[in-house]
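Undergrad: Sequence plus predicted model, see below.
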Amino acid sequence: MNKIIELLPQIATAFGQTFYMMFFTLTIAALLGIPLGTYLYLIRPGSLMQKPRLYIVLDAMVNIVRSFPFLILLVAIIPFTRFIIGTSLGTTAVIVPLTICATPDFARLIEQVLLEVNRGVIEMAEAAGAGTYQIIWKVLYREARSGMVCSATLICVNFISYSTVAGLVGGGGIGDFAIRYGYYRYQPEVMVFTVILIILLVQAIQTTGRIIAQKLDKRI
Amino acid sequence: MMIRLVEIKKTYQTSSGPLQVLDSVSVHIKAGEIFGFIGFSGAGKSTLLRCINLLEKPDSGAVFVDGENLTALTKKELLGRRQKIGMVFQHYNLLQNATAFDNAAFPLAIARVPKAERRERVLQSLETVDLSDKAGDYPSKLSGGQKQRVAIARAIVTKPKILLCDEPTSALDPQTTRSILQYLKRINKELGITIVLVTHEMDAVRSICSRVAVMETGRLIETLDMSKELQPPQTGLARFLFASGAGI
Ligand SMILES: Nc1ncnc2c1ncn2[C@@H]1O[C@H](COP(=O)(O)OP(=O)(O)OP(=O)(O)O)[C@@H](O)[C@H]1O
Ligand SMILES: [Mg+2]
């Protein structure tokens, strides 16, 4: 118990690092993933702007990035990370591989959620003279909004798990802390304590996501 | 002449080969009438109706609305024309995450009508279908008949000249069906909106249509004037429809 109290400041720092990484990773992943997912939806065969060949290419690219084990992705893109951030080490640098990992996941989830939107409503919008942009903003995102929040929640929870690997390049964060103290230094009580904190964090994210999604959903 | 369809042809490529759904269909629909299309399932009624606002592009033929050839317009011009043609669907097609008010306001938002102007027009539209008290409700809280009335309010909110209805009562019970048909009739009379009604139900045709076209496998086989009493149907199918009364 004393050990934990001793380490509290470092745990707080680790949490701070986790939130720092999470904020930037999710913001960038959303800014890239939502348009990409929407575009995938739009160019699917039979959809509003169908481009079957381009779809096959983008679809395959998304699958390829998604199937990379995160650890390998992290190492493989070190030169790219160095190019963007100036270094491949540290909390900021690890945001690059985390974002690259989260974006295609996010895009795929968004595509799936948009596919759930009733075709009839889209047809109604077309009959009302809506252009593609209007359909995206006034129909697709409106009808799919609670599913989009669920997708973001899932990406957020996945992120916690991926970010544990961040320690490998000096990224820090709560997952890295759990591994360093609990595993490498063999302090089981510290590990148990941090794991409980992580569980609570995941619970909090999940609950917040669910509440927002329910608030937005008027279907029932 | 409000709507003139000229030699409309449409063939779908299906897994079992080409399927001709519309075979040189020509129709004239007059301003102010309620024109029905009736026929068995798969006859091509919906496809033909969707050709009027070009949701479906005919392979050949021309669509004239109010004297203008819609098939000759650019994509952008076409979107503008569609804003002036209301459409009502069998399954209502309401936005689930929008209130009755916002659903009815949807075409105005699409047409970029200023927000200040929208409110009054939406309330007036909801008033026409006696739903003023439901403006704040989401579709999940409404009955089928109320949903269809919201959809009708939405379809007339832009003050269109034409209302296209694809089986607007097929998902409703007989009593609600009658009420919806009466709203359509009133809209036609009081607002002077030309209505095109696709239906399975002979009753619907009898109660509100001025003329009806009978369709069979992509062809218009007969057009009957409902106001001329006892004009005898010429074709077998038309005779069957008129005799069976209740519908098909
Ligand atoms: N997008 C499509 N691709 C292939 N075939 C289609 C398509 N849309 C319609 N069809 C076919 O065209 C034919 C006519 O369809 P349509 O929906 O116009 O019939 P309908 O008279 O409205 O029938 P219902 O009363 O069942 O609504 C049907 O055989 C249908 O299977
Ligand atoms: Mg149909």
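TA: That came through, no problem. Source: prediction; values computed, not measured. Ligands and ions are numbered 1, 2, ... in the order given.

Undergrad: Every contact and neighbour count from this point should use C-alpha atoms.
TA: OK.

Undergrad: tell me, how many neighbours does A:Phe1 end up with?
TA: Rather than Phe, residue A:1 is Met. Neighbourhood size, A:Met1 [other C-alpha atoms under 10 Å in any protein chain shown]: 9.

Undergrad: how about the nearest residue to it, chain neighbours excluded?
TA: A:Glu189 (7.8 Å; C-alpha to C-alpha, 6 or more residues apart in numbering or on different chains).

Undergrad: Ok, B:Tyr138 next?
TA: B:Thr99 (4.3 Å).

Undergrad: which residues sit in contact with that neighbour?
TA: B:135-139 (C-alpha atoms under 8 Å, 6 or more residues apart in numbering or on different chains).

Undergrad: before we move on, what about A:Leu114?
TA: Contacts for A:Leu114 (C-alpha under 8 Å, 6+ apart) come out as A:38, A:41, A:140-141, A:144.

Undergrad: Just send those back as JSON lines, with pLDDT, neighbour count and secondary structure too.
TA: Converted to JSON lines, those look like this (pLDDT from 0 to 100; neighbours: other C-alpha atoms under 10 Å in any protein chain shown; DSSP: H, G, I helix; E, B strand; the rest coil):
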{"residue": "A:Thr38", "pLDDT": "98", "neighbour count": "22", "secondary structure": "helix"}
{"residue": "A:Tyr41", "pLDDT": "98", "neighbour count": "24", "secondary structure": "helix"}
{"residue": "A:Leu140", "pLDDT": "98", "neighbour count": "22", "secondary structure": "helix"}
{"residue": "A:Tyr141", "pLDDT": "98", "neighbour count": "18", "secondary structure": "helix"}
{"residue": "A:Ala144", "pLDDT": "97", "neighbour count": "22", "secondary structure": "helix"}
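
Undergrad: quick one: which of those is nearest chain B?
TA: Chain B has its nearest neighbour among the contacts of A:Leu114 in A:Ala144, at 8.8 Å by C-alpha to the nearest C-alpha.

Undergrad: Quick check, that closest one in contact with A:Gln112.
TA: No - A:Ala144 lies out of contact with A:Gln112 (C-alpha atoms under 8 Å); the separation is 10.0 Å.

Undergrad: So what does B:Val25 look like in phi/psi?
TA: phi -90, psi 130 (degrees, to the nearest 10).

Undergrad: Which stretches in chain B count as helices?
TA: Under the criterion DSSP state H, chain B contains helices at B:45-52, B:75-82, B:100-110, B:115-128, B:144-156, B:174-191, B:202-208, B:236-244.

Undergrad: got it, and chain A?
TA: Using DSSP H, helices in chain A cover A:2-43, A:52-67, A:70-76, A:78-85, A:91-115, A:119-127, A:132-134, A:141-163, A:174-177, A:188-216.

Undergrad: Using a markdown table, please lay out these together with distance to ligand 1.
TA: Shown next, in a markdown table, are those (distance: least, C-alpha to the nearest ligand atom, whole Å):
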| stretch | distance to ligand 1 |
| --- | --- |
| helix A:2-43 | 17 |
| helix A:52-67 | 17 |
| helix A:70-76 | 42 |
| helix A:78-85 | 46 |
| helix A:91-115 | 17 |
| helix A:119-127 | 12 |
| helix A:132-134 | 20 |
| helix A:141-163 | 23 |
| helix A:174-177 | 51 |
| helix A:188-216 | 33 |
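
Undergrad: can you put the ones you listed in TSV and add distance to B:Asp173?
TA: Below are the helices of chain A laid out as TSV (distance: least, C-alpha to C-alpha, whole Å):
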stretch	distance to B:Asp173
helix A:2-43	37
helix A:52-67	42
helix A:70-76	57
helix A:78-85	64
helix A:91-115	31
helix A:119-127	21
helix A:132-134	34
helix A:141-163	28
helix A:174-177	59
helix A:188-216	32
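
Undergrad: Quick one, which of the ones you listed gets closest to B:Arg149.
TA: helix A:119-127 (14.9 Å; C-alpha to C-alpha).

Undergrad: Which residues does that closest one contact?
TA: Taking C-alpha under 8 Å, 6+ apart as the rule, helix A:119-127 contacts A:135, A:139-140, B:53, B:55, B:82-83, B:85-87, B:91, B:93-95, B:107.

Undergrad: for stretch A:34-51, same thing?
TA: A:52, A:54-55, A:58-59, A:106-112, A:114-115, A:132.

Undergrad: which one of the residues you listed has the most neighbours?
TA: Busiest of the contacts of stretch A:34-51 [other C-alpha under 10 Å] is A:Ile110, holding 30 neighbours.

Undergrad: Thought A:Met148 was touching that one, still the case?
TA: Yes - under the contact definition of C-alpha under 8 Å, A:Ile110 touches A:Met148, with a separation of 6.2 Å.

Undergrad: For chain B, which residues score under the pLDDT cut-off?
TA: B:1, B:229-230, B:244-248 (pLDDT under 70).

Undergrad: In chain A, which residue sits nearest ligand 1?
TA: Closest contact between chain A and ligand 1, by C-alpha to the nearest ligand atom, is at A:Gly46 (9.3 Å).

Undergrad: What are the phi and psi values at that residue?
TA: According to degrees, to the nearest 10, A:Gly46 has phi 90, psi -10.

Undergrad: Can you get me a residue count around it?
TA: 11.

Undergrad: Residues contacting stretch A:193-213, please?
TA: So stretch A:193-213 is in contact with A:4, A:145-147, A:149-150, A:152-154, A:156-157, A:160, A:174-175, A:177-178, going by C-alpha under 8 Å, 6+ apart.

Undergrad: what residues are up against A:Asp105?
TA: Contacts here follow C-alpha under 8 Å, 6+ apart; on that basis A:Asp105 touches A:33, A:62, A:66, A:155.
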